[in-house]
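[1] here is my input, please return the structure:
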Amino acid sequence: MANNDLGQTLRRLRRLATLTQEELAGRSGVSVDVIRQLEQRRKHSARLPTLHALANGLGVELTTLLGDPPAVSTGENDGPRFVAVRRAIMPALWGPEPEPPSPAFSLDVLREQIADGWTRYHAAEFDAVMKALPDLISDARTATVSGSGSDQGASFSALGKVLQLAGHVAVRMGKTDLALVSLERAIDAAACSSDPLLRPMIVNSVAWTYQRQGRLEDALNIALHAADDAKHGGHTDTADGLKVWGALRMSAATSAARSNDYQRAAELMENAEQEAARVAKLPQGSDSRMVSVFSPSSVRIERVRLAVQYGHPEDALSLAKGMRLGKDVPPSWRTWLLLDVARAHTDLGDAAGAVRTLESLRRAAPTWMQHHTLAVAIVRDLWALPNHPPGLRPLAEFLGVAE
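    Predicted coordinates for the structure are as follows:
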């Protein structure tokens, strides 16, 4: 269970870096008062730009500051299943070449299995995804050694997509360096594939991984570069291509916001929102489970998230009010929306509203909530209040916060 205390971790990392609170404030640009409140546990969470600034000031990854990432429910992120995933991503040097697939092999079945893996990933079913990944990666590698032309290109597409999935799982496990290895190999596979959109989709995953490492400028630059390539290549004339472009622009906006460049983030999101309306009007393409998430609903969710990060909780709640989410919005995005709404209520001092939203989040995604450090931090903030609103104790006990 995610049971880390931000203040304790911050104090420990600051002392390891032999920094005073004043010195950390100077390095990070975060006020001494905020650092003191966090370390004294008078404040249990902070906005993402603040967390990124503190991590940069300490010279650590964001996940190191936040503690255990929202990972699988095994409680052991170096257990046998994860070791098997690592071996699948990085097979032994000079090992045997993959054998050609058996006559019973079906590329269509493999693609369906990979798409199902992405569905399970977005539903936070990380155990099930990790169990399936080694065989999926092995089958995809096997498929690439036989056939020619379109069949081989499709096989490399499958390999790129499953290695991208493995990269996402590695990020969730807090193994960002392994994630980048998997994603770089996915890009190599994409270069041999028949899907021109695969490479920019994987680049977006690289940008997300850079964000987790605090490499915000790198994340911003590669997202914008890939988005420009997609547009100049004429790919935004289809729904799939526009989704890929839009997801990259939203990723760039997130990096800008976390770097405290709110004006640039707002401009990127405004542009993305204008373009999102075109998705439904363009020719539809492949399985939506295998393409980037970009729609009017996803843009609105991201705008809510950025409003919370800007420190504008009223705007966040206004944007979220009455929102109707399309069927193309994955469960993970829906849960993020609830978490951001809960955070906005907390920032406004509306503890009862925050609890109601967190209760909805628990019903919708209990495992996801239980392993999300920011969800735990919000409940800790509420638990520190002198008067607990109705419903808070069951949430605190569920997350291991109640004393």
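[2] tell me where the stretch 151-300 of the chain has strands.
    Under the criterion DSSP state E, counting those that start in this stretch, the stretch 151-300 of the chain carries no strands.
[3] give the contact list for E39.
    G7, L10, R11, R14, Q21 (Cβ atoms under 8 Å, 6 or more residues apart in numbering). Heads up, the C-betas are built off the backbone N, CA and C, glycines and all.
[4] same question for T236.
    A230, L242, W245, E275.
[5] among those residues, which are in helices?
    Counted as lying in helices by DSSP state H, out of those, are A230, L242, W245, E275.
[6] so can I have TSV of these showing neighbour count?
    Output for the ones in helices among the contacts of T236, formatted as TSV (neighbours: other Cβ atoms under 10 Å):
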residue	neighbour count
A230	25
L242	24
W245	25
E275	17
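[7] closest to G117 out of the contacts of E39?
    Closest approach between the contacts of E39 and G117, by Cβ to Cβ: L10, at 35.7 Å.
[8] avg pLDDT for the helix or strand hosting the closest one?
    L10 is part of helix 6-16 when elements are defined by DSSP states H and E. Throughout helix 6-16, pLDDT has a mean value of 89.
[9] ok, now stretch 157-175?
    Mean per-residue pLDDT for stretch 157-175: 93.
[10] nearest to S102 among the contacts of E39?
    L10 (53.9 Å).
[11] isn't that closest one up against L38?
    Yes: here L10 reaches L38: they are 5.4 Å apart, a contact under Cβ atoms under 8 Å.
[12] have a look at those two and say which one is more surrounded.
    L38 (25 against 21; other Cβ atoms under 10 Å).
[13] quick check: the more buried one touching L6?
    Yes: in this structure, L38 is within contact of L6 by Cβ under 8 Å, at 6.0 Å.
[14] okay but P100 is in contact with D139, surely?
    No: with contact defined as Cβ under 8 Å, P100 and D139 do not form a contacting pair (11.9 Å).
[15] what do L38 and L6 both touch?
    With Cβ under 8 Å, 6+ apart, L38 and L6 have common neighbours H44, A46.
[16] same list (the contacts of T236) but as a markdown table, adding distance to A132 and pLDDT.
    Output for the contacts of T236, formatted as a markdown table (distance: Cβ to Cβ, whole Å; pLDDT from 0 to 100):
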| residue | distance to A132 | pLDDT |
| --- | --- | --- |
| A230 | 30 | 93 |
| L242 | 30 | 93 |
| W245 | 30 | 96 |
| E275 | 34 | 92 |
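[17] redo the residues you listed as CSV? Include distance to A189.
    Converted to CSV, the contacts of T236 look like this (distance: Cβ to Cβ, whole Å):
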residue, distance to A189
A230, 18
L242, 24
W245, 21
E275, 28
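[18] among the ones in helices among the contacts of T236, which pair sits farthest apart?
    Pairwise distances across these peak at 11.8 Å for A230 and E275 (criterion: Cβ to Cβ).
[19] now do the shared contacts for these two.
    Common neighbours of A230 and E275, counting by Cβ under 8 Å, 6+ apart, are T236, W245.
[20] OK, contacts around A124?
    A124 is in contact with P70, P331, S332, T335, A365, T367, W368, H371, counting by Cβ under 8 Å, 6+ apart.
[21] I figured the second one was touching E125, is that so?
    Translated: P331. No: judged on Cβ under 8 Å, P331 makes no contact with E125 at a distance of 9.7 Å.
[22] okay, now the closest residue to R86 other than its chain neighbours: neighbour count?
    Distances taken as Cβ to Cβ, 6 or more residues apart in numbering place L178 nearest to R86, at 6.3 Å, with adjacent residues excluded. When neighbours are counted by other Cβ under 10 Å, L178 registers 21.
[23] ok, now which ones touch L178?
    By Cβ under 8 Å, 6+ apart, L178 lies in contact with R86, I89, M90, A170.
[24] can we see that at 7 Å?
    Contacts for L178 (Cβ atoms under 7 Å, 6 or more residues apart in numbering) come out as R86, I89, A170.
[25] alpha carbons of the worst-scoring helix or strand of the chain on mean pLDDT, in CSV - could you do that?
    Least confident helix or strand of the chain, by mean pLDDT, DSSP states H and E, is helix 62-66 with a mean of 75. Backbone C-alpha positions of helix 62-66 (Å, rounded to 0.1, in the frame of the first residue of the first chain) are rendered in CSV as follows:
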residue,chain,number,x,y,z
LEU,A,62,9.9,13.0,-8.7
THR,A,63,9.0,9.4,-7.9
THR,A,64,11.8,9.4,-5.3
LEU,A,65,10.3,12.4,-3.6
LEU,A,66,6.7,11.0,-3.7
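[26] and it, what does it pack against?
    For helix 62-66, the contact count by 3 or more Cβ pairs under 7 Å, 6 or more residues apart in numbering; DSSP states H and E identifies helix 6-16, helix 48-58 as packing neighbours.
[27] F82: which of those helices is closest?
    It is, among the helices and strands packed on helix 62-66 and with distance given as Cβ to Cβ, helix 6-16, at 22.5 Å.
[28] so which bits of that closest one are buried?
    L6, G7, T9, L10, R11, L13, R14 (16 or more other Cβ atoms under 10 Å).
[29] from A123, how far out is the spatially most central residue of the chain?
    With distances taken as Cα atoms, centre = their mean, W208 lies nearest the centre of the chain, 6.5 Å away. Using Cβ to Cβ, to the nearest Å, one gets 18 Å for the distance from W208 to A123.
[30] just give me the longest helix of this structure.
    Ranked by residue count under DSSP H, the longest helix found in the chain is helix 149-172.
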